[in-house]
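1. A predicted structure for the sequence below; I have some questions about it.
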Amino acid sequence: MNSRPTVCAYYFPNWHVDPRNETIHGKGWTEWRVTQHATPRFPGHEQPKVPLHGYEDEADPRAMAKKIELAASHGIDAFIFDWYYFFDGSYRERCIRDGFLGAPNRGDLKFALMWANHHPIYAHPGSYWKPAEMLWSGDIDAETFRHCTDHCIKHYLNQPNYLRVNGGLYFSFFRAKAMIEQVGGPMTARALLDDFRFRVEKAGLGRLTLDGNASEFGRNNLDDANRLIRETGFDCCSCYGWGARGGDHFPSISYSDWMEINRDEDRYFTRGLDVPYNPVVPTGWDSSPRTVQSDMFDKRPYPFGTVITGNTPELFEQALRRTAEFMKSEGTGELVHIACWNEWTEGAYLEPDTQYGNARLEAVRNVFGRRAAQPE
């Protein structure tokens, strides 16, 4: 990777009112309430996190326009939206449908979808007794696959600012291996992916570039991961964050130590996978706001767990610079992912807060600069 990569920020769309959320948490609920009620869980724990621009409604095109301007002016080329679609339809869709696509400056930023095909859990908040109770199934069958991808072709992949990678429309799967297993194995998955490609081409949209989460394919067995990639026809791989989240360190580990633990992850995937790997740089990790704040904070299943502390903009910039240098020296994919734009209740966000202002965004621009304007 010799030229500037395409800089993508994962976007978590739960900061607007959604009917499914209202049935669980009450009228008008958004995840901002979880952010607002976070508390320090151990000495030195920096909570709550407070957004500099307030608790905005992302489904409002005016609010989204400010996010687009902030991202584009600081070197972000695209949002990769976490995309939720189940057997009974979509979830958290108003953010992209009403907010992003309704923003007057939407053309200033590319966008793409990552199908977050996991089971939604009761993590707003998760209790000590039932920390990760499933709300409903995120499993995929062939019918759900076709309905989802038809919906995406009709409403999103046909947009002029949809992200293309290596000439193809970029579409990612968070749990690629699980999808393969749920639809009946590699042969069935290959047929579904081929049919997805066919329908995209039939719609006059050209090729697809299909991405799968490398760690979900099989982080500890790349031979198995490569076999599945070959048999199903994925084009590239990415990750949503670093793999090691602190191990035995509890309740916290410093960002600098966390960065060191994951030092070789990019090299491991880049050299071990049969397809291009797109590196990721997380801004931090702290899912403690998603726990019941009056419960004890012990080492329990998610959303309990190790918190990353000391994740300053300066250290984040070091991580970005290290990844940029690696991408220049190795044959990586053409994207660099940042986790995330706005995972406020998982401690991973680029959006300005009252502690550091725009400093994390400025770190991105310091390392990658801004891409020259490209014609649509």
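-> Arrived safely, thanks for sending. Residues are numbered from 1 along each chain as shown.
2. which regions of the stretch 1-150 of the chain sit below the pLDDT cut-off?
-> 1-2 (pLDDT under 70).
3. residue ranges for the strands of it, please.
-> For the stretch 1-150 of the chain, the strands defined by DSSP state E, counting those that start in this stretch cover 6-11, 78-86, 89-91, 110-115.
4. Could you export those as a markdown table, including distance to W344?
-> The way it works is simple: take the backbone N, C-alpha and C, and place the C-beta from them, glycine included. Converted to a markdown table, those look like this (distance: least, Cβ to Cβ, whole Å):
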| stretch | distance to W344 |
| --- | --- |
| strand 6-11 | 12 |
| strand 78-86 | 14 |
| strand 89-91 | 19 |
| strand 110-115 | 18 |
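5. Mean neighbour count, those: which tops it?
-> Of all these, strand 6-11 has the most neighbours on average by mean count of other Cβ atoms under 10 Å, namely a mean of 25.
6. which other residues reach it?
-> With contacts defined as Cβ atoms under 8 Å, 6 or more residues apart in numbering, strand 6-11 is touched by 71, 75-82, 95, 110, 112, 114, 163, 165, 240, 334-343, 350, 364, 368, 371.
7. and the angle for that strand with strand 78-86?
-> Angle of strand 6-11 versus strand 78-86, following axes from the mean of the first three to the mean of the last three Cα atoms, to 10 degrees, is 40 degrees.
8. out of the strands of the stretch 1-150 of the chain, nearest to I229?
-> strand 110-115 (16.7 Å; Cβ to Cβ).
9. Now do the phi/psi pair for P48.
-> P48 has phi and psi values of phi -80, psi 160 when expressed as degrees, to the nearest 10.
10. what's around the residue lying closest to it once chain neighbours are set aside, how many residues?
-> Nearest non-adjacent residue to P48, counting by Cβ to Cβ, 6 or more residues apart in numbering: A38, 4.0 Å away. A38 sits with 23 neighbouring residues when counted by other Cβ atoms under 10 Å.
11. swap in R321?
-> 15.
12. so is it in a helix, a strand, or just coil?
-> Here R321 is recorded as helix under DSSP: H, G, I helix; E, B strand; the rest coil.
13. Which of the three states applies to D195?
-> D195 - assigned by three-state DSSP - is helix.
14. quick one: it from N278, how far?
-> Distance, D195 to N278, by Cβ to Cβ, to the nearest Å: 25 Å.
15. Of these two, give the one with the bigger neighbour count.
-> Using other Cβ under 10 Å, the more surrounded residue of D195 and N278 is N278, with 27 against 14.
16. Might you report the residue contacts of N366?
-> N366 neighbours (Cβ under 8 Å, 6+ apart): E317.
17. pretty sure it is in a helix, no?
-> Yes - counting by three-state DSSP, N366 is part of a helix.
18. for the helix or strand hosting R230, which positions count as buried?
-> R230 belongs to helix 222-232 when elements are defined using DSSP states H and E. Residues L222, A225, N226, L228, I229, T232 are the ones in helix 222-232 that count as buried (16 or more other Cβ atoms under 10 Å).
19. Equivalent analysis for stretch 270-286, please.
-> 270, 273, 275-286.
20. ok now that stretch, how far from the chain's centre?
-> On the basis of Cα atoms, centre = their mean, to the nearest Å, stretch 270-286 is displaced by 12 Å from the centre of the chain it belongs to.
21. Break down the protein into its helices, ranges please.
-> Secondary structure of the chain (DSSP state H): helices at 19-25, 32-36, 61-73, 94, 142-152, 176-183, 186-202, 214-218, 222-232, 255-261, 265-272, 313-329, 359-368.
22. of those, which approaches P5 most closely?
-> helix 313-329 (5.7 Å).
23. for the closest one, packing partners?
-> If you count contacts as 3 or more Cβ pairs under 8 Å, 6 or more residues apart in numbering; DSSP states H and E, helix 313-329 packs onto helix 255-261, helix 265-272, strand 280-282, strand 335-339, helix 359-368.
24. Quick one: work out the angle between the last one and strand 6-11.
-> Using the same axes, to 10 degrees, one finds that helix 359-368 and strand 6-11 are set 160 degrees apart in direction.
25. buried ones in helix 359-368?
-> Within helix 359-368, judged by 16+ other Cβ under 10 Å, the buried ones are A359, R360, L361, E362, A363, V364, R365, V367, F368.
26. Closest one of those residues to E133?
-> R360 (32.6 Å).
27. Report the contact partners of that closest one.
-> T283, P313, F316, Y349, L350, P352.
28. Let's see that with 7 Å instead.
-> T283, P313, F316, L350 (Cβ atoms under 7 Å, 6 or more residues apart in numbering).
29. With A363 instead?
-> P313, F316, E317, L320.
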